[in-house]
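In: Pasting a predicted model and its sequence here:
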Amino acid sequence: MAANTTPTVRRRRLGTELRRLRQESGLTSVEVAKRLMVSQPKISHIENGRRAINPRDVRDLCALYGVTDQQALDSLLRMAQESGQRGWWDVYGDHPRSVYIGLETDAASIHIFEPMAIPGLLQTPAYAQAVIEESFPPIAVEQAARRLNVRLRRQHRIYDPVSPLRLWVVLEEAALRRLVGSHRIMREQLKHLNALGAEPHITLQVLPHVAGAHPGLCGPFSVLHFADSPQAGVVYLERFTSDLYLEKQSDVQHYGMLHDHLQAQALNPDATRDLIRGVVESCVATRHHC
């Protein structure tokens, strides 16, 4: 496991392994909960990586599942100990997307489709602040400032001089033309997009209005892959009240192919830069529609 793996990823991978062991033992989560005299939601939260697990729980579960390989047990215990460590984002307090941030921090590459707005990793500070200020329900000034700091801190991954995050982003044209904040903020944001799109580790494509109906009409999504486990990707679906994380290989492959189709229908990177420049010039000329 990579040395920089985050606590979130450790918990999720530990949970995945414990789920596999339970299924191989032929037990349901309800049966496990009854035998250990704990609640069934606790078992589900452990397997989904949504709560830390202590070494004692790991020992109890492994004993129940019939794990006799000491090396395998030691590996699971080490993962449990490491899962209790804090991520960099914890210093900012509770954050609604802490699970995703942990995955994003550890990812080697992310394929993103976004129809409505510029993705957080590519936002300027002014654009990000304007988006956060429109949060619903409204949040306090101090909380908004923390969220902005977290969003900008997340961007360090794409500026890492040793192993920058590999991004492949497909945007709807509407994301370029939606006025967020002000015309000045939008011009700065679009120029920033073009600058990032010129980076060798970032591929940016725009799906123009004239493309018509397309497979991405179901909504935004991200597919994350990890260097030490390239086959074990995660699909992230952001929702209004609760986010979804899909880890089945069939789901990851499905969304990967969906992103491939969107790439094929989108403008190539050069044409994308031309379109963005055209939108910037339109904003300057009319100061009305972006």
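Out: Nice, I can see it.

In: In contact with the residue nearest to Arg147 when sequence neighbours are not counted, which residues are there?
Out: Closest residue in space to Arg147, ignoring its immediate chain neighbours: Ile132 at 5.2 Å, by CB to CB, 6 or more residues apart in numbering. Where you see a C-beta, it was placed from the backbone N, CA and C, and this is true even at glycine. With contacts defined as CB atoms under 8 Å, 6 or more residues apart in numbering, the neighbours of Ile132 are Ile139, Ala144, Arg147, Leu148, Arg151.

In: Quick check: the first one vs Lys42, distance?
Out: Relative to Lys42, Ile139 is positioned 30 Å away (criterion: CB to CB, to the nearest Å).

In: Same check on the fourth one?
Out: Using CB to CB, one gets 35 Å for the distance from Leu148 to Lys42.

In: likewise Asn149?
Out: Asn149 sits 33 Å away from Lys42 when distances are taken as CB to CB.

In: For the helix or strand where Arg184 lies, list every residue counted as buried.
Out: Using DSSP states H and E, Arg184 sits within helix 183-197. The neighbour-count criterion (16 or more other CB atoms under 10 Å) identifies Ile185, Met186, Arg187, Glu188, Gln189, Leu190, His192, Leu193, Asn194, Leu196, Gly197 as the buried residues of helix 183-197.

In: List the buried residues of the helix or strand harbouring Asp274.
Out: When secondary structure is defined by DSSP H and E, Asp274 falls within helix 269-286. By neighbour count, with 16+ other CB under 10 Å as the criterion, the buried positions of helix 269-286 are Thr272, Arg273, Leu275, Ile276, Val279, Val280, Cys283.

In: What average pLDDT does that helix get?
Out: Helix 269-286 shows a mean pLDDT of 88.

In: Likewise for stretch 242-254?
Out: Here the mean pLDDT over stretch 242-254 is 88, rounded to a whole number.

In: Just the CA trace of that stretch, in CSV.
Out: Taking Å, rounded to 0.1, in the frame of the first residue of the first chain, the C-alpha atoms of stretch 242-254 are listed here in CSV:
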residue,chain,number,x,y,z
SER,A,242,-26.2,12.0,0.3
ASP,A,243,-23.4,10.9,-2.1
LEU,A,244,-23.0,7.5,-3.7
TYR,A,245,-19.8,5.4,-4.1
LEU,A,246,-19.8,2.5,-6.5
GLU,A,247,-17.0,0.0,-6.3
LYS,A,248,-18.2,-3.0,-8.2
GLN,A,249,-15.9,-3.6,-11.1
SER,A,250,-18.9,-3.7,-13.5
ASP,A,251,-20.0,-0.3,-12.3
VAL,A,252,-16.5,1.2,-12.7
GLN,A,253,-16.3,-0.3,-16.2
HIS,A,254,-19.7,1.0,-17.1
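
In: Would you mind listing the residues in contact with Val234?
Out: With contacts defined as CB under 8 Å, 6+ apart, the neighbours of Val234 are Arg12, Leu103, Val223, Leu224, Tyr245, Leu246, Glu247, Val252.

In: Three-state assignment for the closest residue to it other than its chain neighbours, please.
Out: In space, and not counting its chain neighbours, Val234 is closest to Leu224: 4.8 Å by CB to CB, 6+ apart. Three-state call for Leu224 (DSSP: H, G, I helix; E, B strand; the rest coil): strand.
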